[in-house]
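Novice: Kindly generate the corresponding structure for this input.
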Amino acid sequence: MKPQQHVRRAIARRPLGACLVLLSLACCSPGSANDNPSGQDASIDLKKLSLEELSAIEVTTASKEASPAFRTPAAIFVLTNDDIRRSGATNIPDLLRLVPGVEVAQIDSVKYAIGIRGFEGRLSKNVLVLIDGRSVYTPLFAGVYWESQSTFLEDIDRIEVIRGPGGTIWGSNAVNGVINIITRSSRETRGDLVTAGGGNVDQGFLGARHGGGTDRLSYRVYGQGFTRGPQFHQDGRNFDDSRMGQGGFRMDWVPGARDSLTLQGDIYGSAAGQKLAISAFSPPSIVNVEKNAGLYGQNILGAWTRKLSGGSDVQIRAYYDRTDRQDLNYREVRNTFDFDFIHHKAYDRHQVIWGAGLRISPSRFFQTVPTVDFPPHDQTYSVYSGFVQDEIELVRERLSFTAGTKLEHNSFSGFEIQPSGRLAWTPDVEHTIWASVSRAVRTPSRIEDGFQFNFLSQPAPPLYLRLVGDGQFTPEQELGYELGFRNYLRKSGFLSVSAFFNRYADLLSVDSRPVFVETSPSPAHLVLPLYLRNGIKADTAGVEAAALFDVRDWWRLRGNYSYLALNAKNRPVSNDASTVRQLEGDSPRHKIVIQSSLTLGRGIDAVLTYRYVSDLPDQKVPAYSTGDASIGWRFARQWRISVVGRNLMQPYHFEYGGNPGPLVGIRRAGYLKLTWIR
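Specialist: Numbers count the residues shown, from 1 in each chain. Here you go, the predicted model:
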């Protein structure tokens, strides 16, 4: 009997037992672009990237220039289009669960808490997130609204994740890492694709794309939408259902051998169910509001690259991004204009990259409840920057040293400098050892510069906690040290290990001042002011290991393990009573991901994934283990059907807090998906 038949029979007889047998140590592949010069869409193709193809991957996030991932002196990990398709995930946060060093916790059906190497939180304030180079980091609350970041997954070429400081290239707020979502060229997506499905949580989804043109001038248009049901609520308050619709386009033009131009844009609208405790002054009260937030946005981006002689090139990128967030206790409309220039110059032993950028982001805040305010309501945030980096080849094809710095001025904290030095040693084609030292900062945002939030702590006598951002907050600072090792086993697999130690200074604290009486607005009430200051310091240390093995031609194992130790304490000037506990107890100490990918023949493939996440003491979330399964069958040349199960090991489990009331349980879920391509 053929091996594939043994596997199929084992899965058919005892699916859970087969899943446990197949899930042994391995990692998500360090994949890359799966170029298809014929112009035929490969998203339904079952062929996985070979180890030779994986070893040749090039990435752009580390230096804004394509460079071999294997030799890059940074902790970089790539999810390929093939990884995305086989995973069964329906959104970007669930895809990021596969990446070592990235902590992902689902709060409810709408919201996620994500961090890299600690500092996991609702808005991922220490992580810079990019979509084709467009930053989605908001300077209102300092972070990323993950529920607004919906990309047509079939059009993603790869997701590059850098763990560790990225400020030298990308600037402020790339403190603990950079997540860069890169979509495919329209030359690779010609033809038609329709995908549809539904289940118990992902109740219904539909996406369609049409692409056309030639190798020189190509285009695509797409549209997608979904409706998502609530998770498990112990109190029966099923507030977190949501709906979203999105559409967009991309055009790629190659007018000659030296130039390439891209124009792309998106528009979206969403109704996201939320629950929020809103305080009132008159009468003193708290109301739990369950209502849909309205999330809307549009963006357009243009990019031009010109190749110069000797391997040099020039890049220009500009975009406009508009967001209109109508939350339960405020509304903000923000317009962002961004321009970047990059020049790469190749010399004999030097690869010099330098550039300059400008971002202007005017916004308007609309006060909708009296207890939340951002004065002044109209403000313009601006950043202008320059950077330079030189990769020096000390020993040809063996030893290189990269040094650079980012010089940046922002309207909140003024001038910042973020230097780094990186060393890479490649003694042969199968090994790379690298080390780095970097400095990065998180600059203040509107929440630390003109914010007032009032929460009723006790009704009689009325006592309000008032969180105040009065402009006295200075940037958070990080000094990071990293050491890494990669080993490519030509015939069997790949191993990567990285270790880090980070020292943080001037972290955000909440410092109290004496209680006072306030008579306006009436009735008279007590106020305990809490000021946002820089009263915390912390150290983090950890190890991340990832591996990939081809056990057979039809069986690939991957897995990763992440360990994190975070120690924080108050500075003598701070009386903060809770932030240290939160920092130390909001991120898991251990995380394990094990995945088994099977190509079973006759158009059938299967992916089985096991995940373990240790406890979060501050969130009162116990450790949990769970598993996912995805089985796909290409039953005709143009048709593919997939059956996906997620969180299969228990009816529900808890991952993170963040809503009024009891923790929301993340349910066992499943869906059926049908894909047609022409």
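Novice: going forward, measure contacts between C-alpha atoms and count neighbours the same way
Specialist: Will do.
Novice: okay, the residue nearest to the spatial centre of the chain: pLDDT?
Specialist: The centroid of the chain falls nearest to I179 when counting by CA atoms, centre = their mean (4.9 Å). We have a pLDDT of 96 for I179.
Novice: same question, I57
Specialist: pLDDT, I57: 79.
Novice: E160 now?
Specialist: At E160, pLDDT is 94.
Novice: One more: A10?
Specialist: For A10, pLDDT reads 37.
Novice: Helix or strand for the residue nearest to the centre of the chain, just tell me which one.
Specialist: Per DSSP states H and E: I179 is located in strand 177-183.
Novice: Confirm that Q650 sits in a strand.
Specialist: No. Checked against DSSP: H, G, I helix; E, B strand; the rest coil, Q650 lies outside a strand; its state is coil.
Novice: hang on, the earlier thing: pairing partners for the residue nearest to the centre of the chain in the sheet, please.
Specialist: With DSSP bridges as the criterion, I179 is bridged to V129, V161.
Novice: so it makes contact with P165?
Specialist: No. Assessed by CA atoms under 8 Å, I179 is found out of contact with P165, at 11.7 Å.
Novice: Could you find the closest non-adjacent residue to S496?
Specialist: Excluding the flanking residues, the one nearest S496 by CA to CA, 6 or more residues apart in numbering is R486, at 4.4 Å.
Novice: Run me through the strand neighbours of the strand or helix carrying the one you found, direction for each.
Specialist: Secondary structure assignment for R486, by DSSP H and E: strand 476-489. Using DSSP bridges, strand 476-489 pairs in its sheet with strand 431-442 (antiparallel), strand 493-512 (antiparallel).
Novice: quick one on the thing from earlier: packing partners of the strand holding I179?
Specialist: Judged by 3 or more CA pairs under 8 Å, 6 or more residues apart in numbering; DSSP states H and E, strand 177-183 is in contact with strand 127-131, strand 156-163.
Novice: circling back: out of the strands paired with strand 476-489, the one nearest T195 is which?
Specialist: T195 lies closest to strand 493-512 among the strands paired with strand 476-489, at 33.0 Å (CA to CA).
Novice: Give me the helices and strands touching whichever helix or strand comes after the closest one, please.
Specialist: Next in sequence after strand 493-512, counting helices and strands by DSSP H and E, comes strand 516-518. Strand 516-518 sits against strand 525-552, with contacts defined as 3+ CA pairs under 8 Å, 6+ apart.
Novice: any idea of the mean pLDDT for the strand it packs on?
Specialist: Averaging pLDDT along strand 525-552 yields 96.
Novice: what pairs with that strand, and is each one parallel or antiparallel?
Specialist: Partners of strand 525-552 in the sheet, by DSSP bridges, are strand 463-470 (parallel), strand 493-512 (antiparallel), strand 516-518 (antiparallel), strand 555-570 (antiparallel).
Novice: Make TSV out of those and add distance to P588, mean neighbour count and mean pLDDT.
Specialist: Output for these, formatted as TSV (distance: least, CA to CA, whole Å; neighbours: other CA atoms under 10 Å; pLDDT from 0 to 100):
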stretch	distance to P588	mean neighbour count	mean pLDDT
strand 463-470	28	21	96
strand 493-512	16	21	96
strand 516-518	39	11	96
strand 555-570	7	21	97
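Novice: Which one, of these, ends up nearest to V99?
Specialist: Nearest to V99 among the strands paired with strand 525-552 is strand 555-570; the distance by CA to CA comes to 7.8 Å.
Novice: Buried residues in the helix or strand following the closest one, which are they?
Specialist: On the C-terminal side of strand 555-570, the closest following helix or strand by DSSP H and E is helix 579-585. Across helix 579-585, burial judged by 16 or more other CA atoms under 10 Å covers 579-580, 582-585.
Novice: How about stretch 58-68?
Specialist: Across stretch 58-68, burial judged by 16+ other CA under 10 Å covers 58-59, 61-65, 67.
Novice: Between those, which sits nearest P521?
Specialist: Here the nearest of those to P521, counting by CA to CA, is T61; it sits at 50.8 Å.
Novice: Now that closest one: phi and psi?
Specialist: phi -70, psi -30 (degrees, to the nearest 10).
Novice: From what I see, it and R163 are in contact.
Specialist: No. With contacts counted by CA under 8 Å, T61 stays clear of R163, the gap being 11.1 Å.
Novice: Tell me the residues that contact both of those two, please.
Specialist: V178 (CA atoms under 8 Å, 6 or more residues apart in numbering).
Novice: now the strands paired with strand 476-489 in TSV, with distance to G171?
Specialist: Formatted as TSV, the strands paired with strand 476-489 follow (distance: least, CA to CA, whole Å):
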stretch	distance to G171
strand 431-442	8
strand 493-512	17
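Novice: now stretch 577-584: mean pLDDT?
Specialist: Averaging pLDDT along stretch 577-584 gives 96.
Novice: Over to stretch 475-488?
Specialist: Mean pLDDT, computed over stretch 475-488, is 96.
Novice: likewise stretch 663-678?
Specialist: Across stretch 663-678, pLDDT averages out at 97.
Novice: before we move on, back to that, between the buried residues of stretch 58-68, which is closest to D553?
Specialist: D553 has its nearest neighbour among these in E58, at 24.1 Å by CA to CA.
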